[in-house]
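[1] My questions are about this predicted structure, shown below with the sequence.
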Amino acid sequence: MTSTLTPPPPETVASLGADDRCDRCNAAGKLRLTISGDRELVFCGHHANRYADDLAKITVHYLADPDFEWRGAELLS
């Protein structure tokens, strides 16, 4: 069975706040991902785009900062 990932409605993912930090380097978060098991990951712009190919494979929902273009978004469509 093949599943299709679509961007979630805004109310399903918590918005990014000033205290959201990258899980990789602790920089300001630009992307919040929900993966299987309702677990969340936050990435800065650099790491979000660096790992976009792999992150897109495991993303169930995502929310990007309005000023940030995540390269993985086009992989989900």
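    In hand now; what should we look at?
[2] Dead centre of the chain: give me the residue that sits there.
    With distances taken as CA atoms, centre = their mean, residue 33 lies nearest the centre of the chain, 3.3 Å away.
[3] Pairing partners for the helix or strand hosting that residue, with directions?
    Here residue 33, judged by DSSP states H and E, is contained in strand 31-35. The strands beside strand 31-35 in its sheet (DSSP bridges) come out as strand 39-43 (antiparallel), strand 59-64 (antiparallel).
[4] Adding mean neighbour count, distance to residue 15 and mean pLDDT as columns, could you present these in a markdown table?
    Any C-beta I mention is one placed from the backbone N, CA and C, and that applies to glycine too. A markdown table is the format used below for the strands paired with strand 31-35 (neighbours: other CB atoms under 10 Å; distance: least, CB to CB, whole Å; pLDDT from 0 to 100):
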| stretch | mean neighbour count | distance to residue 15 | mean pLDDT |
| --- | --- | --- | --- |
| strand 39-43 | 19 | 12 | 96 |
| strand 59-64 | 21 | 7 | 94 |
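[5] Using JSON lines, lay out those strands together with distance to residue 17.
    Conversion of the strands paired with strand 31-35 to JSON lines gives the following (distance: least, CB to CB, whole Å):
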{"stretch": "strand 39-43", "distance to residue 17": "10"}
{"stretch": "strand 59-64", "distance to residue 17": "11"}
